[in-house]
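Novice: Below is the structure, and that's it, no one-letter string:
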């Protein structure tokens, strides 16, 4: 799996989870899931970034995306075949610079390999809530 394929997999799973919960993501939100200033093939449109900053509270949006990602991961982790896609994506995205990775640091570096994505999300949410 390439980094672009990994990013697309994660973005698609987040979009599918949101849709399954009746929360359609806007065009700007979908583009921000794929946004990067430096990565080849990523959305680099500065207008998208500016519109996002104008229209969304980044902290709230990131929390929403993490919740969708967590639920998608939990659902996919029930099947070893689909769980493997998450592992492959984590490996493929190491060392890359996508906005989505700011919400999932576990995927961007080997230092947290012993933790599952679920563990990371729980710790992230706990930190956000200040507990």
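Specialist: Ah, there it is. Only a predicted model underlies this, so the values are computations on that prediction, with no experimental measurement involved.
Novice: where does this structure dip in pLDDT?
Specialist: 37-46, 104-131 (pLDDT under 70).
Novice: Just want the most central residue of it.
Specialist: For the chain, the residue nearest the mean C-alpha position is residue 100 (4.3 Å; CA atoms, centre = their mean).
Novice: Not counting sequence-adjacent ones, nearest residue to it?
Specialist: residue 33 (5.4 Å; CB to CB, 6 or more residues apart in numbering). No exception for glycine: its C-beta is placed from N, CA and C like everyone else's.
Novice: That neighbour: neighbour count?
Specialist: 22 (other CB atoms under 10 Å).
Novice: So it is in contact with residue 13, correct?
Specialist: No - look at residue 33 against residue 13 with CB atoms under 8 Å: they stay out of range, at 10.0 Å.
Novice: Surely residue 24 touches residue 17?
Specialist: No - applying CB under 8 Å as the test, residue 24 and residue 17 come out as separate, 11.5 Å apart.
Novice: distance of the residue nearest to residue 100 from residue 6?
Specialist: Counting by CB to CB, to the nearest Å, the gap from residue 33 to residue 6 is 12 Å.
Novice: what touches both of those two?
Specialist: Common contact partners of residue 33 and residue 6 (CB atoms under 8 Å, 6 or more residues apart in numbering): none.
Novice: Pretty sure residue 97 sits in a strand.
Specialist: No - assignment of residue 97 by DSSP: H, G, I helix; E, B strand; the rest coil gives coil, placing it outside any strand.
Novice: Distance of it relative to residue 3?
Specialist: For residue 97, the distance to residue 3 - CB to CB - is 10 Å.
Novice: Name the residue in those two with the higher neighbour count.
Specialist: Comparing residue 97 with residue 3 by other CB under 10 Å, the one with more neighbours is residue 3, at 21 against 14.
Novice: All set, thanks.
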